[in-house]
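Undergrad: Sharing a sequence plus its predicted fold:
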Amino acid sequence: MKADDELQERIWNDLYRKTRKLFHRQGKEEPTGEGDYWVVDDNYGWRQHTVYINTLKLLSPVNIAVLRSFLRYLPDWQIILVVNVPGKGKAWPPMGVTIRRREIIDGLMRKYLPMPYRMLVIPGSKPGTGYD
């Protein structure tokens, strides 16, 4: 295994552990969509993590700030929060939040979200689309 691959794997595992720990305190992890969230557990060699958010309360500004802090020394990494509320798949367009060290891209389509999430403000974010 090359040094770059070993480094990617070590960072990936560290971020995976920290991300799961953050959300574990707030809900149930379940890959089928029946829980509150799922941190994808396959490492494809990319410098990112994907988290499916099934319960909107997990899209808090505090959680987003904590996730961003995990990337403080990782300029090429990102964490993608994908809104995946059960029963809304066909009714809601793709949307989520992409978190990077230097930016947060807010791709939430607020008109589809219930209150109070329509008014959600993510400090320091810039607008995006569901595909950012």
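TA: Cool, the structure landed. Numbering: from 1, shown residues only.

Undergrad: dump the residue contacts of the closest residue to residue 100 other than its chain neighbours.
TA: Counting by CB to CB, 6 or more residues apart in numbering, residue 100 lies nearest to residue 78, which is 4.7 Å off, once chain neighbours are set aside. All C-beta spots, glycine's among them, are computed from the backbone N, C-alpha and C. By CB atoms under 8 Å, 6 or more residues apart in numbering, the contact list for residue 78 reads 47-49, 71, 98-100.

Undergrad: per-residue pLDDT, residue 78?
TA: Listed pLDDT for residue 78 reads 98.

Undergrad: and it, bridged to which residues?
TA: Under DSSP bridges, the beta-bridge partners of residue 78 are residue 48, residue 100.

Undergrad: Tell me the spacing between it and residue 97.
TA: With distances taken as CB to CB, to the nearest Å, residue 78 is found 10 Å from residue 97.

Undergrad: Repeat that for residue 125.
TA: Per CB to CB, residue 125 is found 7 Å from residue 97.

Undergrad: And for residue 8?
TA: Applying CB to CB to residue 8 and residue 97 gives a distance of 23 Å.

Undergrad: now the helices: where do they sit in the protein?
TA: In the chain, the segments counted as helices under DSSP state H are 3-24, 61-70.

Undergrad: Any buried residues in stretch 34-52, and which?
TA: Neighbour counts using 16 or more other CB atoms under 10 Å place 35-40, 48-52 of stretch 34-52 among the buried residues.

Undergrad: and residue 119, what is it in contact with?
TA: residue 110.

Undergrad: In this protein, where is pLDDT below threshold?
TA: In the predicted model, the chain carries pLDDT under 70 at residues 1, 130-132.

Undergrad: tell me, what residue is most central in the chain?
TA: residue 81 (2.4 Å; CA atoms, centre = their mean).

Undergrad: do you know how far that one is from residue 3?
TA: Taking CB to CB, one finds residue 81 at 30 Å from residue 3.

Undergrad: picking up where we left off before, highest mean neighbour count out of the helices of the chain?
TA: Most buried of those, by mean neighbour count (mean count of other CB atoms under 10 Å): helix 61-70, with a mean of 16.
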